[in-house]
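>>> The following comprises the amino acid sequence and a computationally predicted model.
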Amino acid sequence: MPNRSDDEELTIKEVMAKLKVTRSTFYDWRAKGIAPKSYRLPNGERRIRRSELDRWLESLEDAA
């Protein structure tokens, strides 16, 4: 697991671009509880740690 200080924080927009999904698809996944875990900053913006995205993608491979 990467050191927290080295773990890149991605915006939702960056994650959507990496996954090549639309905003509505990503938020539909969130509503269903199947999106990668995110956290909210004090300004209200959401972020996803690169390590969490990688872990989430690996879980999809394991499920296939």
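Perfect, I can see it now.
>>> Run a quick neighbour tally on Tyr39.
Tyr39 sits with 11 neighbouring residues when counted by other C-beta atoms under 10 Å. Placement of C-beta: from N, CA and C, glycine included.
>>> Check what contacts the biggest helix by length in the chain and list those residues.
The helix spanning the most residues in the chain, taking DSSP state H as the definition, is helix 50-63. Helix 50-63 is contacted by residues 1-2, 7-10, 15, 18, 35-38 when judged by C-beta atoms under 8 Å, 6 or more residues apart in numbering.
>>> From the residues you listed, list the buried ones, please.
For those, a burial check counting by 16 or more other C-beta atoms under 10 Å picks out 10, 15, 35-36, 38.
>>> From the contacts of helix 50-63, which land in strands?
9-10 (DSSP state E).
>>> want to try JSON lines for the buried ones among the contacts of helix 50-63, with distance to Ser51 as columns?
Listed next are these as JSON lines, based on distance: C-beta to C-beta, whole Å:
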{"residue": "Leu10", "distance to Ser51": "10"}
{"residue": "Val15", "distance to Ser51": "13"}
{"residue": "Ala35", "distance to Ser51": "15"}
{"residue": "Pro36", "distance to Ser51": "10"}
{"residue": "Ser38", "distance to Ser51": "13"}
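>>> Pick out the most distant pair among these.
Leu10 and Ala35 (12.5 Å; C-beta to C-beta).
>>> Which of the buried ones among the contacts of helix 50-63 fall within helices?
Using DSSP H, the members of the buried ones among the contacts of helix 50-63 that fall in helices are Val15.
>>> from the buried ones among the contacts of helix 50-63, which is closest to Ala64?
Once C-beta to C-beta is applied, the member of these that ends up nearest Ala64 is Pro36, at 16.6 Å.
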